[in-house]
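Engineer: the following block contains a protein sequence and its predicted model.
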Amino acid sequence: MLKEQCSEETSRIADELEYALEKRQLSLHYQPQFEFPSGNIRGFEALLRWHHPELGSISPLRFIPIAEETGLIDSIGMWVMHQACEKIRQIQKSHLPNSIISVNISAIQLNNPFFFENVMNVLHQTSIAPQYLELELTESTNIACINNGTDTLRTLALQGIKIALDDFGVENNSLLQLQKLPLSTIKIDRSFVINMMHDSRCKIITEWVITLARKLGLIVIAEGVESFEQLHQLRQWECEYIQGYLLSRPLSEQELLLLAKSYL
Ligand code: C2E
Ligand code: CA
Ligand code: CA
């Protein structure tokens, strides 16, 4: 019974997602990434939100996999990129000229033969220089797609676009990806940040990841930092960039503009 209910809801979400864009039910929130210890803003991660009039707020963790299955991820993903680049343009022009926009990419999008062209068009239309766009790839989605998309990623990286490996350490392929992908950034998964405080092995691994990334010339962002204790530990390891509820939750457009203004 529960299973049937679940699949009914899944197919309803799939049906309604198709119209969510045109009905303007999708929006973006922006979570700042802070440079540490200066407190300067490096940039913002764009996070998709879906507010359904009857079902309420639906988590991207719920609807992104459905968008991937139905193929809607291509149009939704490009909409996200366009909106996010437009917003960062506004922020760059008025308040924070060098801020980066990080956009989550489903590995499946890399299979679209027009992906490269579409990304370049967005940059052109929004007048964003390539070095201010970062594409966040999560290895937990579809490793085969990432492998097939490596050439596309290389071409994008050659243009100056930054490639980040999201949720680093969650999958057992992390080290291979470090070797193969044209990365500029890794994001240490929240589970490491949580566990490093009470699990000595996790502590050693997290410190080692930060050192390794530095040796490889990569930027490291620690995700999901929620406590001063975690912040202090990351500071001791000279982790330069921090993202998490402690410093800021994802912000609505209005809140984003207010925060940016405070940096004037
Ligand atoms: P993610 O890319 O790992 O994004 C970080 C998630 O952690 C976000 O959840 C964010 O709100 C949450 N978060 C940030 N700081 C903290 C913290 O200190 N504590 C806790 N507990 N959580 C924190 P959100 O917005 O629900 O997004 C979930 C996932 O959905 C994202 O994980 C990403 O994989 C996916 N997603 C979101 N937007 C997009 C999108 O535009 N495209 C694609 N393909 N995936 C997206
Ligand atoms: Ca992400
Ligand atoms: Ca992540």
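Structural biologist: In hand now; what should we look at? Given the structure is predicted, the values throughout are model-derived calculations rather than measurements. Numbers count the residues shown, from 1 in each chain. Ligands and ions are numbered 1, 2, ... in the order given.
Engineer: so residue 18 sits against residue 75, correct?
Structural biologist: No - using Cβ atoms under 8 Å, residue 18 is not in contact with residue 75; the gap is 9.4 Å. (Each C-beta comes from the backbone N, C-alpha and C, glycine too.)
Engineer: for beta bridges, what are the partners of residue 135?
Structural biologist: residue 103, residue 163 (DSSP bridges).
Engineer: so it makes contact with residue 103?
Structural biologist: Yes - the criterion here is Cβ under 8 Å, and residue 135 meets it with residue 103 at 6.0 Å.
Engineer: these two: which is more packed in?
Structural biologist: residue 103 (26 against 22; other Cβ atoms under 10 Å).
Engineer: I'd like to know how far that one sits from residue 190.
Structural biologist: 19 Å (Cβ to Cβ, to the nearest Å).
Engineer: same check on residue 199?
Structural biologist: Taking Cβ to Cβ, one finds residue 199 at 14 Å from residue 190.
Engineer: who's more crowded, the two?
Structural biologist: Neighbour count, other Cβ under 10 Å: between residue 199 and residue 190, residue 190 has more, with 17 against 13.
Engineer: does that one touch residue 224 like I think?
Structural biologist: Yes - when contacts are counted by Cβ under 8 Å, residue 190 is listed as touching residue 224 (2.8 Å).
Engineer: any shared contact partners between the two?
Structural biologist: residue 244 (Cβ atoms under 8 Å, 6 or more residues apart in numbering).
Engineer: starting at the chain centroid, how far to the helix or strand hosting residue 44?
Structural biologist: In this structure, residue 44 sits in strand 41-52 according to DSSP states H and E. Mean-position distance between strand 41-52 and its chain equals 8 Å (Cα atoms, centre = their mean, to the nearest Å).
Engineer: average pLDDT for that strand, rounded please.
Structural biologist: Mean per-residue pLDDT for strand 41-52: 97.
Engineer: pull the contacting residues for residue 190.
Structural biologist: By Cβ under 8 Å, 6+ apart, the neighbours of residue 190 are 223-224, 244.
Engineer: which of those residues fall within strands?
Structural biologist: Of these, none are assigned to strands by DSSP state E.
Engineer: ok, longest helix in this protein?
Structural biologist: The longest helix of the chain (DSSP state H) is helix 73-94.
Engineer: what's the offset of it from the middle of its chain?
Structural biologist: That offset, for helix 73-94, works out to 13 Å (Cα atoms, centre = their mean).
Engineer: what's the local residue count around the one residue in the stretch 1-150 of the chain that gets nearest to ligand 2?
Structural biologist: Nearest residue of the stretch 1-150 of the chain to ligand 2, counting by Cβ to the ion: residue 136, 4.1 Å away. Counted with other Cβ under 10 Å, residues neighbouring residue 136 total 19.
Engineer: can you check residue 32 too?
Structural biologist: Neighbour tally, residue 32, other Cβ under 10 Å: 23.
Engineer: ok, now residue 163?
Structural biologist: Count around residue 163 with other Cβ under 10 Å applied: 18.
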